[in-house]
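In: heads up, no residue letters with this:
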């Protein structure tokens, strides 16, 4: 094998050094290649967290947080908190991260409350970003049930609203554009309340129980849906609104599931119960 340095960095881009992030274009055997390394300071040491294309546009989570703070002040939004995967910013716990803290999520609710059956529901948004290219920057609808303090993320990908941006040249933090996006999502998101009201009148049946047991991990099923081997047993009557809330409570309050996993579970639940915007 030929000796020598095969892979090396070109001049390192330190634009985001104050956020503990650097970008290093790569060379292979002294030739430029269409890739660069994303380097992050983790516990005082610089580590490569991802290899991405040279056209990848880095958006630090801390920079995203600064924009989110301004947006929350504009709208009077309340930041939701959970007990795991959180970062401390300015002495306060402010946003959730996945295990390696390369993805971040900001979950916020508006003060207005809506009645669904005997429950109070608040609408809000979840803003997300990643530093390693594993997820784009985007905004989704969020609903929050006060009685059990459990929430659910509703993907907005099918709406005719620009709510997702890849980490490419066009990505930029435009507060006015984000403000418009949030208003549109929450306005369109009020349609979810009609879905919720419809669930209060529908009963859980064997077919729906079997779909839930087939497509969701058993630990997130309510105790009245007993799944043993290939047999699904219903132990008591329930409305689909009760089922929805019992499952979202187990998911939202899970200490082990990352936010990325929770989002996927919410999407699957919404598909099973045919909940959409």
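Out: That came in fine, so what should we check first? Since this is a predicted model, take the numbers as computed values, not measurements.
In: not counting sequence-adjacent ones, nearest residue to residue 186?
Out: Closest residue to residue 186 apart from its sequence neighbours, by C-beta to C-beta, 6 or more residues apart in numbering: residue 123 at 5.3 Å. Bear in mind the C-beta positions are built from the backbone N, C-alpha and C, glycine included.
In: residue 77 too?
Out: In space, residue 77 is closest to residue 108, 3.9 Å off (C-beta to C-beta, 6+ apart).
In: does the residue nearest to residue 186 count as helix, strand or coil?
Out: Per DSSP: H, G, I helix; E, B strand; the rest coil, the local secondary structure of residue 123 is strand.
In: what is the burial count for it?
Out: Residues within reach of residue 123, counting by other C-beta atoms under 10 Å, total 21.
In: how about residue 251?
Out: Residue 251 has 25 neighbours, counted by other C-beta under 10 Å.
In: would it count as being in a helix?
Out: Yes: using three-state DSSP, the secondary structure at residue 251 is a helix.
In: which residue ranges of the chain form helices?
Out: 61-75, 175-189, 191-200, 206-215, 240-252, 259-272 (DSSP state H).
In: tell me the contacts of the residue nearest to residue 77?
Out: For residue 108, the contacting residues are 68, 71-72, 75, 77-80, 124-127, 142, by C-beta atoms under 8 Å, 6 or more residues apart in numbering.
In: likewise residue 151?
Out: By C-beta under 8 Å, 6+ apart, the contact list for residue 151 reads 80, 107, 142-145, 248, 252.
In: buried only: go through those for me.
Out: Among the contacts of residue 151, the ones that count as buried by 16 or more other C-beta atoms under 10 Å are 80, 107, 142-145, 248, 252.
In: a markdown table please, covering the residues you listed and showing distance to residue 13.
Out: Converted to a markdown table, the buried ones among the contacts of residue 151 look like this (distance: C-beta to C-beta, whole Å):
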| residue | distance to residue 13 |
| --- | --- |
| 80 | 34 |
| 107 | 31 |
| 142 | 34 |
| 143 | 40 |
| 144 | 39 |
| 145 | 44 |
| 248 | 42 |
| 252 | 38 |
